[in-house]
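**Q** Got a predicted structure here, sequence first:
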There are 2 protein chains.
Amino acid sequence: MTSEPVAPALGLRERKKLAARQALGTAALRLALDRGLDRLRVEDIASEVGVSPRTFNNYFSSKEEAICSFIVAQQERVREALRARPSGEPLWEAVINAAVEQSDREGRLTREDVLRMRDMLQNAGLFAEMLRAHATVERVLAEAVTERAGGGANPLHARMLAGIVQSASRIAFHHWLVSGRGEFLPTFVELLREASAGMPSLTAAAAART
Amino acid sequence: MTSEPVAPALGLRERKKLAARQALGTAALRLALDRGLDRLRVEDIASEVGVSPRTFNNYFSSKEEAICSFIVAQQERVREALRARPSGEPLWEAVINAAVEQSDREGRLTREDVLRMRDMLQNAGLFAEMLRAHATVERVLAEAVTERAGGGANPLHARMLAGIVQSASRIAFHHWLVSGRGEFLPTFVELLREASAGMPSLTAAAAART
DNA sequence: GCAGTTTTTTGCGCGCCCCGCAATTTTGCT
DNA sequence: AGCAAAATTGCGGGGCGCGCAAAAAACTGC
């Protein structure tokens, strides 16, 4: 047995696979934004990257999945971002800060891209796939929360917290898409703070009405 | 203008359409549970109800959508359940009670059905479609919450609350599916209460660890 | 009831998608 | 260089989703 590298050092093979996957995902998103979902065939994505259509389906089982792969890719960053928060920090603060940190990267989207994306999400299949991507991230986030909260924490509660975070992200994102040039981050944070406090503003509104 | 019925009295046509849709949805779910998703073709569902395959696609754009239609069908009941809560009731209580009331109907599932469903949800497409169905219900719930909270409420906060409720529902359901014969309702309510209080248990766990 | 209008159902056809399989090529290692 | 493991590819097939136009069915006013 040769000395075994601990964590990374993925073999060259793995790295090429990862690169191919990423290239396909990026190409899929790019092309979808450029020409719209219906004018995009799997064949196009494949040839853009220089592989056969069959190979595309070795990496993704649908073009929708490829397009949404950039969301799933946040997985690792989410986990690491939460791990990196100082351990004294209250859980909610840590989660909020971690979420904020790594959603900074949202940028790099033309105004037209945003419009295109809004249109594309009218498509049921793509929308569904996007939700699935979020669910995947949610699972990882839940694990990270469990890890941080320690063994005594109820795993279901951790999942719930992760679910809340994903809801906030989804809703803020959607709002950002729809309302032209609103901003994403402030809304995201606001929703998280609201949730962490038990949605007092709504309760107050209801009380005022009574 | 003849006297116009206020709410219902859908013409015969509408009612037949609704019936057909429901029949197709039910048949789809039933058949999927019986033989599994991969052994189910659109043609089967159609012929079970006695219509042409082409007609099936006039009602649903995929078999997955048909299978999940029972979730979307809760829409109206959710809305009505929330409207029916006494107006003095605090918002969270009203939402929780409304959600509880109408998720009572979850029943009517064999032990085998549950297993089958768990297997079926391994299928990415079906899982995605289920999330989409939940998202649809979430939207309606958000409207109902807005209505109840009054004009002053922030619509985004309403959406957030609806998102939290759906997360709880989804997570409790998933837990119920996986853990054999756990119960759904208690978990659901517990998660909602936890969320309405800002997830104190997790925060406490983290604090204890420090 | 009956003629006319609207709506729904249906068959047909097309393009695309997803995947299993087996042959081929590439890669990593010694 | 040579070998074993793994990735890519072509082929073929079953199925799906939908546009279109014809046929059938349901409602309308008389």
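**A** Now that the structure is in, tell me what you want to look at.
**Q** where exactly do the helices run in chain A?
**A** In chain A, the helices defined using DSSP state H lie at A:12-35, A:42-49, A:53-59, A:63-67, A:69-72, A:74-84, A:91-103, A:111-120, A:124-149, A:155-178, A:184-196, A:200-209.
**Q** mind listing what the residue most central in space within chain A touches?
**A** Central residue of chain A (Cα atoms, centre = their mean): residue A:71, 3.4 Å from the mean position. Residues near residue A:71 by Cβ atoms under 8 Å, 6 or more residues apart in numbering or on different chains: A:130, A:133, A:134, A:136, A:137. Every C-beta, even on glycine, is put in place using the N, C-alpha and C of the backbone.
**Q** Can you redo the residues you listed as JSON lines, where the extra columns are pLDDT and neighbour count?
**A** Conversion of these to JSON lines gives the following (pLDDT from 0 to 100; neighbours: other Cβ atoms under 10 Å in any protein chain shown):
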{"residue": "A:130", "pLDDT": "98", "neighbour count": "24"}
{"residue": "A:133", "pLDDT": "97", "neighbour count": "23"}
{"residue": "A:134", "pLDDT": "96", "neighbour count": "21"}
{"residue": "A:136", "pLDDT": "97", "neighbour count": "16"}
{"residue": "A:137", "pLDDT": "96", "neighbour count": "21"}
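**Q** between those, which is nearest residue A:100?
**A** Distance to residue A:100, by Cβ to Cβ, is smallest for residue A:137 among the contacts of residue A:71, at 15.0 Å.
**Q** OK, contacts around the closest one?
**A** Residues near residue A:137 by Cβ under 8 Å, 6+ apart: A:71, A:72, A:74, A:75, A:78, A:166.
**Q** So the fourth one sits against residue A:142, correct?
**A** Spelled out, that is residue A:75. No - counting by Cβ atoms under 8 Å, residue A:75 does not reach residue A:142; the two are 11.6 Å apart.
**Q** Look at the two and report which has more neighbours.
**A** residue A:142 (22 against 18; other Cβ atoms under 10 Å in any protein chain shown).
**Q** Once you drop chain neighbours, what's closest to residue A:89?
**A** Among residues not flanking residue A:89 along the chain, residue A:97 sits closest, at 7.3 Å (Cβ to Cβ, 6 or more residues apart in numbering or on different chains).
**Q** In this structure that neighbour contacts residue A:86, no?
**A** No - at 9.5 Å, residue A:97 does not count as touching residue A:86 under the criterion of Cβ under 8 Å.
**Q** more neighbours, the two?
**A** Shown here are residue A:97 and residue A:86; by other Cβ under 10 Å, residue A:97 has more neighbours (18 against 8).
**Q** Deepest in the core, which of the helices of chain A is it.
**A** Highest mean neighbour count among those (mean count of other Cβ atoms under 10 Å in any protein chain shown): helix A:63-67, with a mean of 24.
**Q** That one: how far from the chain's middle?
**A** Distance of helix A:63-67 from the chain centroid (Cα atoms, centre = their mean, to the nearest Å) equals 14 Å.
**Q** Stretch A:35-52 near chain B at all?
**A** No - with Cβ under 8 Å from any Cβ of the partner chain as the criterion, chain B is not reached by stretch A:35-52; the gap is at least 13.6 Å.
**Q** and that stretch with DNA strand C, contact?
**A** Yes - residues of stretch A:35-52 are located near DNA strand C by Cβ under 7 Å from any atom of the strand, namely A:40, A:41, A:42, A:43.
**Q** Right, I'll leave it there.
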